[in-house]
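Q: sequence first, predicted coordinates after that:
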Amino acid sequence: MKVSIEKDYYKILGVKKSDKTRDIKKRYRELARKHHPDTNEGSKKSEEAFKRISEAYEVLGNAKNRKEYDKLRANGRKHRSNRSSGGPNEGYTDPFDFGRQYTRQGPRESQQDPFSQPPFADETVMDPDMPSRGFDLQFMVDVPFVVAALGGQIPYTYDKHVTCPECRGSGTDDYEDPCTGCQGKQRVVETVTLDIDIPSGVADQYTLKFPRQGGAGRNGGPLGDLMVKVCIEKHPQFKKIKSDIHSVVSISPELAEKGGPLEIQMLDSTTTIEVEEGTLTGEEFRIPDAGSTQPWGKKRGDFVVKFHIDEQSGK
Ligand SMILES: [Zn+2]
């Protein structure tokens with residue numbers, strides 16, 4: 001991860017330091033729509049703006065990143081990478097640094113940094129008849145907590161270039177005049193919906209790659225890729241710690257004292273557990289193999305019930 005503390009991300013998004021995450025998200029979506037590269041084709045200014053706001057949102061749109069950024073800005077210290085902080089998702093690699101939210105295909109910048117790509121060469125200086133690869137698109141997607149824990153499919157809607165259906169990508173009509181469907185550009189922008197597979201146990205902020213789901217190329221060039229950065233939504237009741245799911249459950253003083261059966265809502269099912277006699281607040285009950293799936297694995301963590309004795313509890 002790369003955070004630039006010299007940049008004022010609040011100013012870039014036009015939000016206040018006191019704004020809530022959802023206001024920031026709303027603002028980001030407005031700006032992203034306005035500056036989306038596929039709707040501002042060839043505009044270097046829009047492309048740069050899109051990169052800037054994506055970088056800013058990646059920091060401010062995530063509570064953890066935002067807190068760290070605020071802290072670093074306040075301290076004025078140099079940011080140190082926290083990429084190798086260990087944890088259950090150690091070993092995941094995320095080749096997409098901050099600030100590279102939207103990159104188009106181009107020659108590699110240097111051998112030292114294989115993922116670094118220079119900004120796009122202006123298309124007007126390139127041979128217009130050369131095949132060119134479609135745009136790579138990178139978006140952030142909100143993934144429901146349970147889907148991230150157990151895997152699943154979610155529909156994702158985005159804009160991309162598709163080959164013009166009218167001229168089938170030739171850019172000209174039967175009379176060799178520029179095609180009216182695409183004004184000779186061979187491609188048109190279309191809103192598409194793709195069912196994306198969310199691997200079970202995926203980590204927050206992990207980038208999934210969907211080859212050939214990006215923009216269409218020109219002159220027979222290949223399709224770009226779609227990259228989706230996973231933003232796991234908060235759950236009102238559950239918390240994920242490594243592959244375990246923790247849930248605080250309120251019980252009445254009576255049940256705590258005498259013990260008895262208690263129905264528990266788990267990730268995708270319910271179960272009845274036996275509360276022990278004399279249970280205290282903070283005591284745990286572990287249900288094995290009912291937590292989140294481990295990343296790329298089949299094994300599951302535990303579901304951990306943490307009791308909270310509450311006079312108001314109806315249980
Ligand atoms: Zn056309």
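A: Right, received. Where do you want to start?
Q: give the buried residues for stretch 243-253.
A: For stretch 243-253, a neighbour-count test (16 or more other CB atoms under 10 Å) marks 243, 244, 245, 246, 247, 249, 251 as buried. All C-beta atoms are positioned from the backbone trio N, CA, C, and that covers glycine.
Q: okay if I get the residues you listed as a markdown table plus distance to the ion, pLDDT and secondary structure?
A: What follows is the buried residues of stretch 243-253, written out as a markdown table (distance: CB to the ion, whole Å; pLDDT from 0 to 100; DSSP: H, G, I helix; E, B strand; the rest coil):
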| residue | distance to the ion | pLDDT | secondary structure |
| --- | --- | --- | --- |
| 243 | 50 | 94 | coil |
| 244 | 54 | 96 | strand |
| 245 | 51 | 97 | strand |
| 246 | 55 | 97 | strand |
| 247 | 55 | 97 | strand |
| 249 | 60 | 96 | strand |
| 251 | 66 | 96 | strand |
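Q: got the domain ranges for this protein?
A: Under the assignment automatic domain parsing, the domains of the chain span 1-121, 127-234, 238-309.
Q: and of the ones you listed, who's closest to residue 315?
A: With CB to CB as the measure, domain 238-309 is the member of those nearest residue 315 (5.1 Å).
Q: the closest one: end-to-end distance?
A: Taking CA to CA, to the nearest Å, domain 238-309 runs 18 Å from one end to the other.
Q: and it, how far out from the chain's middle?
A: Domain 238-309 has its average C-alpha position 29 Å from the chain's average C-alpha position, going by CA atoms, centre = their mean, to the nearest Å.
Q: farthest-apart pair in the buried residues of stretch 243-253, please.
A: Set against one another by CB to CB, the buried residues of stretch 243-253 have their most distant pair in 243 and 251, with a gap of 25.5 Å.
Q: hang on, the earlier thing: in TSV: the buried residues of stretch 243-253, plus distance to residue 207.
A: Converted to TSV, the buried residues of stretch 243-253 look like this (distance: CB to CB, whole Å):
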residue	distance to residue 207
243	20
244	24
245	24
246	26
247	29
249	35
251	41
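Q: ok, residues contacting the host helix or strand of residue 273?
A: Taking DSSP states H and E as the definition, one finds residue 273 inside strand 270-275. With CB atoms under 8 Å, 6 or more residues apart in numbering as the contact definition, strand 270-275 has outside contacts at 251, 255-256, 259-264, 285, 287, 290, 305, 307.
Q: and if you look at stretch 283-299?
A: 88-89, 92, 148-151, 199-203, 240, 243-245, 264, 266-267, 269, 271, 273, 275-276, 300-307.
Q: from those, which land in strands?
A: Judged by DSSP state E, the subset of the contacts of stretch 283-299 located in strands is 240, 244, 245, 264, 271, 273, 275, 303, 304, 305, 306, 307.
Q: now, of the residues you listed, which are buried?
A: Those of these that meet the buried threshold are 240, 244, 245, 264, 275, 303, 304, 305, 307, by 16+ other CB under 10 Å.
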